[in-house]
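Trainee: kindly return the folded structure for what I paste below:
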Amino acid sequence: MPRYTFENTKTGKTWVDFMMIAEMEELLEKNPHVRQVLFPLNIVSGVQGITHKTDQGFKDVYSKIAEAHPNSNFAKAHRRRGIKEIKTEQIRAKHRLINKKEHGVPD
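Mentor: Okay, the predicted model is just below:
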């Protein structure tokens, strides 16, 4: 059933009620001091990632934020990195694991 918003013009009181359209029409006929209040509709225009894509300008903003904070998780996801930088990070991670094992540090 649809939801309708009504206002009593004598008292100014506003309320919401669930009813069929026939019941709403009957209520308005029997009570001339009651009027229906109309609100704009909430329309969903699409779903992010399916119908909308992030434009290049916003991706550039992400990239600048990531460059300002290079060690953050955000930077790992959004910063443009070259192959050399990626391979260097992989080697560092590998050697961190080796050092932990040599010194008996648990994972």
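Trainee: which phi and psi does Gly82 have?
Mentor: phi -80, psi 170 (degrees, to the nearest 10).
Trainee: distance of it from Ile65?
Mentor: 19 Å (CB to CB, to the nearest Å). Just so you know, the C-beta spots here come from the backbone N, C-alpha and C atoms, and that holds for glycine as well.
Trainee: could you break this structure into its assigned domains?
Mentor: Following automatic domain parsing, the chain resolves into domains at 3-37, 56-102.
Trainee: can you give me the end-to-end span of the first one?
Mentor: So the one you mean is domain 3-37. 11 Å (CA to CA, to the nearest Å).
Trainee: so how far is it off the chain centroid?
Mentor: 34 Å (CA atoms, centre = their mean, to the nearest Å).
Trainee: avg pLDDT for it?
Mentor: Computed over domain 3-37, the mean pLDDT rounds to 94.
Trainee: list the buried ones in that domain?
Mentor: Buried residues in domain 3-37, counted by 16 or more other CB atoms under 10 Å: Tyr4, Phe6, Met24, Val34.
Trainee: now the domains of the chain as a markdown table including distance to Ile43?
Mentor: Converted to a markdown table, the domains of the chain look like this (distance: least, CB to CB, whole Å):
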| stretch | distance to Ile43 |
| --- | --- |
| domain 3-37 | 17 |
| domain 56-102 | 23 |
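Trainee: so which of those gets nearest Val44?
Mentor: Closest of those to Val44 is domain 3-37, at 17.7 Å (criterion: CB to CB).
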